[in-house]
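**Q** what follows is a predicted structure for the sequence shown.
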Amino acid sequence: TGIELPMPLMGGADMFTDADYTDDMKLAPYIAGSVAHQTGVWAVSSFEEFAYKALACPYFSQYGMVTGEMVSMAENRRDFHCIVDTPDLQAPAAYNWRTSGNHNSKFESIYYPWLMKLDPYTKKVVPVPPSGSALQSMALSLKNGKICDAPAGPVRGVIYDAVAVSKDIKLSQVMRDRLYAVGVNPIVKGLTTGICIEGQKTTYAKSSPMQKVGTMLMIEQIIRDLTLAGKSYLFDLSVPSLWNAIQGSFQSYLNMYLANQCLAEAKADVSVAYNPPIVLAQSKLNALVAIKPNPYMEHLIIPISVS
């Protein structure tokens with residue numbers, strides 16, 4: 001109609017200048033966001049609304065304030081993996097960055113070094129953070145293999161679109177081992193394999209099968225699928241016969257992992273012991289899942305809580 005109406009601006013960063021958009025320390029807090037206001041990475045925190053297997057904040061995940069929020073959300077949801085970048089540094093400096101930072105989570109893995117790729121807009125080869133390539137390897141691994149397979153190595157970890165490694169970094173075996181020991185997955189260029197990811201370690205400090213990215217991707221998927229499956233039973237938990245149905249449903253799901261040889265043992269326990277009347281009165285459902293990734297590993301106990 002030609003009538004001008006005032007439109008309030010929602011969100012955004014008030015009083016930012018052009019120079020501010022090149023200042024990492026001003027941008028990083030906005031990307032980290034706030035759980036209270038559901039901003040930044042927390043904008044995709046809803047378990048019901050958003051389903052994804054991994055989360056990356058390329059470049060900005062090198063900053064602790066961003067990684068801290070990513071990992072906090074992953075620890076809360078337990079159904080996705082955080083992919084973290086190191087800064088674009090030489091290997092000794094990247095090692096120091098890692099050892100000086102607070103990284104210790106089953107749901108987080110770090111990749112190094114940066115890569116050289118062709119910018120489709122400028123047609124120039126530029127350095128890019130490795131997190132995008134790690135996501136790519138995970139997607140290809142899930143598409144072409146089993147969910148428990150390691151998204152690494154000369155088959156599932158090849159980075160096809162990388163032209164070179166940033167700064168022409170050539171990791172010696174000694175430095176590769178040093179980085180891997182502190183939970184940094186090295187990316188190397190081989191004579192016959194090309195550029196590929198040579199590691200699948202999480203930053204979890206405790207010696208456990210959950211130090212493996214492939215194992216955690218599987219566990220995260222199990223948690224999501226069983227949690228969603230349990231929601232369909234929440235409002236009928238007073239029916240005694242339903243408990244056997246829940247137990248059978250959960251166990252049938254786990255049996256698929258046994259058939260695919262992703263697990264050596266798997267058992268779901270949906271019993272009254274974990275669901276006293278006070279829990280059922282709140283329309284909640286608890287279960288314990290015990291899995292053994294292979295015959296030589298210990299059992300892992302995974303709590304499932306549905307509300």
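**A** Thanks, I have it. What you are looking at is a predicted structure, and each value in this text was computed from that prediction instead of being measured. Residues are numbered from 1 along each chain as shown.
**Q** what's the nearest residue to residue 116 if we skip its chain neighbours?
**A** The shortest distance from residue 116 to any non-neighbouring residue, by C-beta to C-beta, 6 or more residues apart in numbering, is to residue 164 (4.2 Å). All C-beta atoms are positioned from the backbone trio N, CA, C, and that covers glycine.
**Q** pLDDT at the one you found, what is it?
**A** For residue 164, the model assigns a pLDDT of 96.
**Q** check residue 158 too.
**A** So residue 158 comes in at 94 (pLDDT).
**Q** one more: residue 285?
**A** Predicted confidence (pLDDT) for residue 285: 89.
**Q** what's the residue nearest to it when sequence neighbours are not counted sitting at in phi/psi?
**A** The shortest distance from residue 285 to any non-neighbouring residue, by C-beta to C-beta, 6+ apart, is to residue 306 (4.2 Å). Per-residue torsions, residue 306: phi -120, psi 130 (degrees, to the nearest 10).
**Q** mind checking how far residue 306 is from residue 300?
**A** 19 Å (C-beta to C-beta, to the nearest Å).
**Q** who's in contact with the spatially closest residue to residue 294 that is not a sequence neighbour?
**A** Spatial nearest neighbour of residue 294, excluding adjacent residues (C-beta to C-beta, 6+ apart): residue 264 at 5.1 Å. Residues in contact with residue 264, defined by C-beta atoms under 8 Å, 6 or more residues apart in numbering, are 258, 292, 293, 294, 295, 297.
**Q** for residue 264, give me the backbone phi and psi.
**A** According to degrees, to the nearest 10, residue 264 has phi -90, psi -30.
**Q** give me the local confidence score for it.
**A** At residue 264, pLDDT is 96.
**Q** just the one 10 residues further on next, same as before
**A** We note a pLDDT of 87 for residue 274 in this prediction.
**Q** in the sheet, who's paired with the residue nearest to it when sequence neighbours are not counted?
**A** The shortest distance from residue 274 to any non-neighbouring residue, by C-beta to C-beta, 6+ apart, is to residue 286 (4.1 Å). For residue 286, the beta-bridge partners under DSSP bridges are residue 305.
**Q** residue 286 contacts residue 276, correct?
**A** No: using C-beta atoms under 8 Å as the test, residue 286 is too far from residue 276 to be in contact (9.3 Å).
**Q** grab the nearest non-local neighbour of residue 235.
**A** Per C-beta to C-beta, 6+ apart, closest to residue 235 is residue 283, 6.3 Å.
**Q** all strands of the stretch 1-150 of the chain, in order?
**A** 54-56, 81-85, 108-112, 115-118, 125-128 (DSSP state E, counting those that start in this stretch).
**Q** other SSEs contacting the third one?
**A** For strand 108-112, the contact count by 3 or more C-beta pairs under 8 Å, 6 or more residues apart in numbering; DSSP states H and E identifies helix 64-77, strand 81-85, helix 91-100, helix 131-144, strand 184-190 as packing neighbours.
**Q** now do the first one
**A** Using 3+ C-beta pairs under 8 Å, 6+ apart as the contact criterion, the neighbours of strand 54-56 among helices and strands are helix 64-77, strand 81-85, helix 131-144.
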